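Novice: Just a sequence and a predicted model for now, questions to come.
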Amino acid sequence: MRLRCALSFVISVLFAPASLASHVIHESFGRTNPQQNCTFQCADPDEIQCAKELGSVAAFTHALATSSSTFNTMGYYYPCTHNQTDVGQGPSGFQMCVLNMLDETESYSIATQGICLPMACKATPLQNIINKLESPLCNLTMGIYLDTCLRPSFIKNCNNTKDKCEVEYEAAKDTVAYAWNSFVGLGNKHHGSIEFHCEGHDNKQLSIGAIVMISLTSLFFLLCVISEMVEVNERRQVSKAAMMGSVNNSKHESKQLVRPLRSDPKTWSLQRKLLKVFCPSDAIQQLLEKTATKQLAGLDGLRAFSMLWIIFAHTCQTSIELGTDSRNSLELTQEEIPQQFTLGASLAIDTFFFLSGLLTTYTLLRRMRKSGKNSFAFAIFVLLRYLRLTPLYAFLLFFYAFVIPYFGSGPVWYRTIQDTSMCTTNWWTNLLYINNFEPKHFRDLCMPWSWYLACDMQFFVVGLIVLTIYLRFRAVGLIVAILLTIGGVTSGWVVLFKHTSDEQDNFFDKPYSRVTPFSIGIVLGVLLVDHQFVKITVSKVFGSSLMVLSLGLMMFVIYVDYTKFQPEEKLWSPTLNATYQSLGRLGYALSIAVVTWLCVSNNSRFVNWFLSLGFWEPIGKLTYGAYLVHPIIIRTYFFQQVVLFHYVPFNVAVTFVAMAVLSYLMAAALHIMVELPFAGLTKYIILNRGRHY
């Protein structure tokens, strides 16, 4: 009986994943070649070595004890990979492999199983088997494969009579067939595909890119330390001189004595000026400094809430994508009302687009009205925008590409390796802010969440064009902004109606389908500056009613597509889905615009007071860094887990708080060490060289 169980396990872990994957994910294993050789023989060296190492009783017992026995469990990772004192001298070590059944979108795990195998077991033989099992030209079944490869060795090593060995072999084959049929049935139900990955050997040797990024990070940190030491030393000298002067001289003489120590920054050397921008105490003071008489103070709270919403959604989404031990991840995602808030987090990006359009317009028009000009240096504005956003972006991009892969290990750490490898080839598209067009597929993006930055930069350029027209011809410029809004709705509807299979590649990251909230922000900015909407007051009842209606419309847009995912409901038609996505986002953007106007004009005092509280401002200043860094933290945490996430509200809440706190702490460090210093360098190089814009 033990031998029968042993054979069943060996067949299951080595060959069942292949046979079950008649619709396997081809990115993992490659497509079937119609011209392939269907001649079948069990002669692959890796396959033979794998079977040989598992043939050891101690090794097999170790693998059996540490592998997962049911779906949606990951097995026992550390006993599998570390506790190998009793496995004999045969195996070269063990690794935890993962079998994933994905949904039809290839985004979520339907079922996950951890399988402990020797390091000699590789995916290449598995790929060859799968190709032949899938090929309609090859008349190969799992039964033929098992009878050809395993039956002879089983009968040879069986200690019973030949008849009993045959019975045990057939029983073991039936056990595998049952698991095979169960997995195939699960895949057919969800039209899913299978991924099979093995952890393999960890490469601990640092690459050149990793060495460069670690050195650069150390250099920035060292510059901050030196700058702070110089600053502290100067303050100590000033304080000491002031103390001596107060004792030995009059007040007037003390000032004369101290003044030489407080040199004018204009007289500083270039090295001192460059070192000054890295001073951490100055950066912290600037971060915590409250802006006086800030007209749009409520936007800080709005920005912070949107960022927290995105962090919450990405925390939930990443945990579910990997699979959970609670229940089917598709059901968790689509069939529960609370998850609609998570799915609706893409609307938070629309909030950012709206704020970008509003602030670009509001800031530029106020500057133009104050200076009396009707034109600005277009190229300088674009250059300043690029230099403000890119240093931190580039730093994190290359750090993610070259250093993060060394931060962890585990059965699903291959996800990190896959993601970061995209940055080594596609990084240039990110730095040119065209990564929402090239590469063509979202799954090939470096830092996939950075599509937003590409859209935002493209919107900024378009916004400057609209404002250039507006400054010369007000009516024409306003009409262009309104037409841009209508065009965004129309193009979004057309794209979704034509491309129903891949909304991410064709709709969600394309500027022509996401421009609506940005153009609405432009229109509101024009109304606030040039049409004095900021001074319009309405009755308390009317203002409260507008606020309630706006918030109600926002909730409706977030939760109405709950019916779209219910199994008992009829699926939305392409027309209905396109209408919801295009008009729903228009309604959400209009709601945000109304809420913003009510706060700015102080027609909703309580909401404006809450969103304008002082602590929102420093959090708002860290939004950019938090957006860039939070997916890295979330993925680094989840992708090195060795057990599946237990998806219950308390665990989700605790994990979200941890991810949010860590994201903002890291954003603060990057703000001080990278973002503000490079902003200071930009100001020195461009603005202090006599350039006026």
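Specialist: Here it is on my side, so go on.
Novice: Residue 608 is in contact with residue 599, isn't it?
Specialist: Yes - using C-beta atoms under 8 Å, residue 608 and residue 599 qualify as a contacting pair, with a distance of 3.9 Å. No exception for glycine: its C-beta is placed from N, CA and C like everyone else's.
Novice: shared neighbours, the two?
Specialist: In the contact map built from C-beta atoms under 8 Å, 6 or more residues apart in numbering, the residues linked to both residue 608 and residue 599 are residue 298.
Novice: what about the two, which has more around it?
Specialist: Each of residue 608 and residue 599 had its neighbours counted (other C-beta atoms under 10 Å), and the higher figure belongs to residue 599 (25 against 19).
Novice: Could you say which helix or strand holds the more buried one?
Specialist: Secondary-structure assignment from DSSP states H and E places residue 599 in helix 574-600.
Novice: and if you look at residue 319?
Specialist: Under the assignment here (DSSP H and E), residue 319 is part of helix 298-321.
Novice: How far off centre is that helix?
Specialist: On the basis of C-alpha atoms, centre = their mean, to the nearest Å, the separation between the geometric centre of helix 298-321 and that of its chain is 11 Å.
Novice: Could I get the buried residue list for it?
Specialist: Neighbour counts using 16 or more other C-beta atoms under 10 Å place 298-304, 306-321 of helix 298-321 among the buried residues.
Novice: What of stretch 644-659?
Specialist: Buried positions in stretch 644-659, judged by neighbour count with 16+ other C-beta under 10 Å: 644, 645, 647, 652, 655, 656, 659.
Novice: With adjacent residues omitted, what lies nearest to the fifth one?
Specialist: This means residue 655. The spatial neighbour of residue 655 that comes closest, neighbours along the chain excluded (C-beta to C-beta, 6 or more residues apart in numbering), is residue 315 at 5.7 Å.
Novice: For that neighbour, give me its contacts.
Specialist: The neighbours of residue 315, taking C-beta under 8 Å, 6+ apart as the test, are 634, 652, 655, 656, 659.
Novice: Which helix or strand contains residue 113?
Specialist: Using DSSP H and E, the element containing residue 113 is strand 109-118.
Novice: which strands and helices sit next to that strand?
Specialist: If contacts are counted by 3 or more C-beta pairs under 8 Å, 6 or more residues apart in numbering; DSSP states H and E, strand 109-118 sits against helix 2-14, helix 45-54, helix 57-66, helix 77-81, strand 94-102, helix 162-190, helix 329-334.
Novice: what distance separates the helix holding residue 599 from the centre of its chain?
Specialist: Relative to its parent chain, helix 574-600 has a centroid offset of 24 Å by C-alpha atoms, centre = their mean.
Novice: quick revisit: if you average pLDDT over each of the helices and strands packed on strand 109-118, which comes out lowest?
Specialist: Taking each of those in turn, the one with the lowest mean pLDDT is helix 2-14, at a mean of 43.
Novice: May I see the buried residues of stretch 383-398?
Specialist: By neighbour count on 16+ other C-beta under 10 Å, the buried set for stretch 383-398 is 384-393, 395-398.
Novice: so what pLDDT did the residue nearest to residue 600 when sequence neighbours are not counted get?
Specialist: Of all residues beyond its chain neighbours, the one nearest residue 600 is residue 534 (5.6 Å), with distances taken as C-beta to C-beta, 6+ apart. Predicted confidence (pLDDT) for residue 534: 90.
Novice: Could you number the chain from 793 rather than 1 from now on?
Specialist: Got it, the first residue is 793 from now on, which makes the last one we talked about residue 1326.
Novice: how far off helix 849-858 does the strand holding residue 905 point, in degrees?
Specialist: On the basis of axes from the mean of the first three to the mean of the last three C-alpha atoms, to 10 degrees, strand 901-910 is oriented at 160 degrees to helix 849-858.
Novice: tell me the mean pLDDT over strand 901-910?
Specialist: So the average pLDDT for strand 901-910 ends up being 80.
Novice: and that strand, how far out from the chain's middle?
Specialist: Taking C-alpha atoms, centre = their mean, one finds strand 901-910 lying 24 Å from the centre of the chain it belongs to.
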